[in-house]
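K.L.:
return a 3D structure for these sequence lines:
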Amino acid sequence: MRPSTASLGDTSIRLWDLAFPSGQALVVRTRAPYIALDNLITFSKQDRDGKVDAYLAAYLPDELVLLFFLGGDLVNAALLNPIGRFPASIGDALKRIREGAERAEISFHAASRDLLAAMYAACSGQPLPQTLDPKSPETIFRPLFEQKWSGLLELISNGRVNYLQVKDGRFASGFFSERLPSDAPLVTVARLFSSTPPEPLPRVFARLYDGPPPLPRQAPPAMIQMFRRYTWDLADLIEREAPGQGAKRAERVRQRLLPEHQVLQWVGGTRGAPQEDPVVEPVILADGVATWTKELLTEVEVLQPQSAPRILRDAAREHRFALNAVGFFEKLPWRIQW
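P.N.:
This next block holds a predicted model:
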């Protein structure tokens, strides 16, 4: 199989050549058709031995997809391509892997949560505007030391991706894609800028990021679909109560709330209409839909007093346990008797 020649963003680094830091190799880099992706995800979620913190890297023909796991649960995803690096919805990431599997390779590695946070931050956040001279460790660390800078330094050397934690301008800790057991961390940093003749010196790319927060958990596809079905069911029930007005009222409330709750652009609307999955945390998704529910049913109660609990119960009955798990009903003023 011929490797892809697509490069990462504005660099000359081939996506196919990127190698990330890792712990134990759970699946070494393998042709994707040999990997049962759904089985891997199910094993990670259900089997005790699979419940690890890890990342999966899928090298596709023109892009690279990263899936992030915490305790075996698939919690987030990111996309690297010639345009740049971006957070991705889990559903979209899985779709891309499945569609490009014929010419793809997959690796799966255990990783610490700090490493996963650094990898995701480099994909979801914007690099700081400060420009570094990547000729040597000295030309990089001197200005950082003079500024007493703290944060995350990413160094990519010949496709080897490394993340260094810097505190007050000094190296504090790091994650390296290649490190000899006998080497001190600073020796490993120096190796990123050197080569053995007659090999040319590696080309190094350096970027700075704010100190990364913990890896966020993204609302999974099943949860997003559940909220979509709930909003459609609620709108349909109100339409039965007020024919010709319910659906219009539901959409009008959704449009009014969009500036404050942007997640509503991915739920609600016409039943079954094609929609992309949002990259959003579960609590933000639940907050947006709960606010829409409260506003809509409050309007309905003006026309039909005391109808809100009944309509809400009928719309949420099928999903009540999952909705309760994310604290959805606690965000509403009505208490439902099931």
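
K.L.:
only C-alpha atoms for contact and neighbour calcs from this point on.
P.N.:
Will do.

K.L.:
lowest mean pLDDT among the helices and strands, pick that one out for this protein.
P.N.:
When the helices and strands of the chain are scored by mean pLDDT, DSSP states H and E, helix 185-191 comes last with a mean of 90.

K.L.:
next secondary structure element downstream of that one?
P.N.:
Later in the chain than helix 185-191, the nearest helix or strand by DSSP states H and E is strand 204-209.

K.L.:
got the buried residues for stretch 303-312?
P.N.:
Neighbour counts using 16 or more other Cα atoms under 10 Å place 307-309, 311-312 of stretch 303-312 among the buried residues.

K.L.:
tell me which of these is nearest to Gly71?
P.N.:
Leu312 (34.3 Å; Cα to Cα).

K.L.:
name the residues that touch the host helix or strand of the closest one?
P.N.:
Under the criterion of DSSP H and E, Leu312 resides in helix 308-316. Residues from elsewhere that reach helix 308-316, judged by Cα atoms under 8 Å, 6 or more residues apart in numbering: 230, 233-234, 237-238, 297-298, 300-301, 323, 334-338.

K.L.:
circling back to that earlier point, and the furthest pair within the buried residues of stretch 303-312?
P.N.:
Within the buried residues of stretch 303-312, two members stand farthest from each other by Cα to Cα: Ser307 and Leu312, at 8.6 Å.

K.L.:
ok, the residue nearest to Arg103 when sequence neighbours are not counted - contacts?
P.N.:
Nearest residue to Arg103, sequence neighbours excluded (Cα to Cα, 6 or more residues apart in numbering): Pro61, at 6.2 Å. By Cα under 8 Å, 6+ apart, Pro61 lies in contact with 3-4, 6, 100, 103-104.

K.L.:
top of those by neighbour count?
P.N.:
Counting neighbours by other Cα atoms under 10 Å, Ala104 leads those with 24 neighbours.

K.L.:
gap between that one and Pro185?
P.N.:
Remark: distance between Ala104 and Pro185 (Cα to Cα, to the nearest Å) = 33 Å.

K.L.:
nearest residue to Thr298 in space, please, no chain neighbours.
P.N.:
Ala308 (7.4 Å).

K.L.:
just for this structure, where's the confidence low?
P.N.:
Counting by pLDDT under 70, the chain shows low-confidence ranges at 1-3.
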